[in-house]
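Peer 1: how does the following fold in three dimensions:
(one chain, ligands or ions: 1)
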Amino acid sequence: DWTPGHVVEDLVESIREQVGEDRVLCALSGGVDSSVAAALVQKAIGDQLTCVFVDHGLLREGEAEQVETDFVEATGVDLVVVDARERFLEALAGVTDPETKHKIIGEQFIRVFEQAARDVVHDRGDEEHPVKWLVQGTLYPDVVESGGGEGAANIKSHHNVGGLPDDLQFSLIEPLRTLFKDEVRQVGLELGVPEVIVWRQPFPGPGLGIRIIGAVDAERLAILRRADAIAREELTRAGLDRDIWQCPVVLLADVRSVGVQGDGRTYGHPVVLRPVASEDAMTADWARVPYDVLATISTRITNEVEEVNRVVLDVTSKPPGTIEWE
Ligand code: XMP
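Peer 2: Predicted coordinates for the structure are as follows:
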């Protein structure tokens, strides 16, 4: 019979068998899969595991803290945080083309992670116990989709983390590769992973960088971060988190419109709410969020985020629209 407790026991045992005394590295993103995978490996081998979290500055309010503080407290993992916020901002300065943004963010991420991985190999490994394994949060549907890959493939063959240099050859540990998402969440709860992480909705790797339409800078990120936090708070308060697949909040940073706030004319930016309902993100419908919830979000954002004077709703299904705007 399937219980999260039994699954954890079995997986812990097989991870111990697999890695022996070797040291293990895990790239932590703050998402469900990498967090649960890390917590599981931590339970199995304790401080033989080191996690690396790259803070690219494109996360939402509270997310870096959830990883750096709450996750570490709950699991006791050895965490290396790389503060790469400046570096990403510099690389993105003035860039407006969506594909170029994706490419820059992906490349920077790999470079930063690569350097962190070298440092971990250097600092934590020794000849008898080299850093030999990399944890991946691959789930069963990913395995099926990619045609059932090899168990311990070279990292380069995997689509989530690619392009590591030849002198960093890790074998992969994919402890979640037999599980579906809902099972991963149950395993996460069993392991004491914080609920805000276990129930997290999908969030793109390039983060808020692809939710600012126009160039990304620190000020725009701060505006979007506040608007996004309000929308998330109200959707949660209304009990809609499990009905909505995700709700990107998008800042139209190069658009201004006239408004009136307090007793003055304003010329501020619009934000777009993009709540969607979906089974797998391949297709999606715009979610019918109750009007009163939309009204509360709109009122709060325009009251509390000075630079935003208009909130608009995206009522496009996928296709033809994608979920994200970039
Ligand atoms: P789209 O916009 O293609 O999004 O309809 C489908 C799902 O994928 C997420 N998404 C991404 N995730 N890197 C990611 O890790 C990306 O570049 C990216 N683009 C989209 C999106 O949030 C949605 O869940």
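Peer 1: what sits against the closest residue to Leu313 other than its chain neighbours?
Peer 2: Excluding the flanking residues, the one nearest Leu313 by C-beta to C-beta, 6 or more residues apart in numbering is Leu273, at 5.3 Å. Where C-beta positions appear, they are placed from N, C-alpha and C, glycine not excepted. Listed by C-beta atoms under 8 Å, 6 or more residues apart in numbering, the contact set of Leu273 reads Ala231, Cys247, Val249, Val289, Leu294, Ile297, Val311, Val312, Leu313, Asp314.
Peer 1: and if we set it to 7 Å?
Peer 2: Ala231, Cys247, Val249, Ile297, Val311, Leu313, Asp314 (C-beta atoms under 7 Å, 6 or more residues apart in numbering).
Peer 1: could you do Ala215 as well?
Peer 2: Ala215 makes contacts with Gly94, Val95, Thr96, as judged by C-beta under 7 Å, 6+ apart.
Peer 1: same question, Arg232
Peer 2: So Arg232 contacts nothing (C-beta under 7 Å, 6+ apart).
Peer 1: buried residues in the helix or strand where it lies, which are they?
Peer 2: Applying DSSP states H and E as the criterion places Arg232 in helix 218-237. Across helix 218-237, burial judged by 16 or more other C-beta atoms under 10 Å covers 220-221, 223-232, 234-235.
Peer 1: so which residues make contact with stretch 128-147?
Peer 2: Contact with stretch 128-147 is made by 19, 21-26, 33-34, 36-38, 41, 120-121, 124-125, 149, 155, 158, 160, 170-174, 176-181, 184, as judged by C-beta under 7 Å, 6+ apart.
Peer 1: just those residues: which are in strands?
Peer 2: Counting by DSSP state E, the part of the contacts of stretch 128-147 found in strands is Arg23, Val24, Leu25, Cys26, Ser171, Leu172, Ile173.
Peer 1: buried among the contacts of stretch 128-147? Make that a ChimeraX selection.
Peer 2: The buried subset of the contacts of stretch 128-147, as determined by 16+ other C-beta under 10 Å, is captured in ChimeraX by this line:
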select :19,22,23,24,25,26,33,34,36,37,38,41,120,121,124,125,155,158,170,171,172,173,174,176,177,179,184
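Peer 1: need the strands for the stretch 51-200 of the chain, in chain order.
Peer 2: Under the criterion DSSP state E, counting those that start in this stretch, the stretch 51-200 of the chain contains strands at 78-83, 131-135, 171-173.
Peer 1: and these: which comes nearest Gly214?
Peer 2: Gly214 lies closest to strand 78-83 among the strands of the stretch 51-200 of the chain, at 24.9 Å (C-beta to C-beta).
Peer 1: who does that closest one pair up with?
Peer 2: Strand 78-83 has its sheet partners listed here by DSSP bridges as strand 49-55 (parallel).
Peer 1: what comes into contact with the partner strand?
Peer 2: Taking C-beta under 7 Å, 6+ apart as the rule, strand 49-55 contacts 24-28, 38, 41-42, 64, 67-68, 77-85, 109, 112-113, 116-117, 120, 124.
Peer 1: quick one, which of those are buried?
Peer 2: Burial by neighbour count, 16+ other C-beta under 10 Å: within the contacts of strand 49-55 this picks out 24-28, 38, 41-42, 64, 67-68, 77-82, 84-85, 109, 112-113, 116-117, 120, 124.
Peer 1: on the three-state scheme, Gly321 is what?
Peer 2: Under DSSP: H, G, I helix; E, B strand; the rest coil, the three-state class of Gly321 is coil.
Peer 1: what about Asp254, how many residues close to it?
Peer 2: Neighbours of Asp254 under the rule other C-beta atoms under 10 Å: 12.
Peer 1: with the one 5 residues further on instead?
Peer 2: Taking other C-beta under 10 Å as the criterion, the count of residues near Gly259 is 15.
Peer 1: since that was my last question, I'll sign off now.
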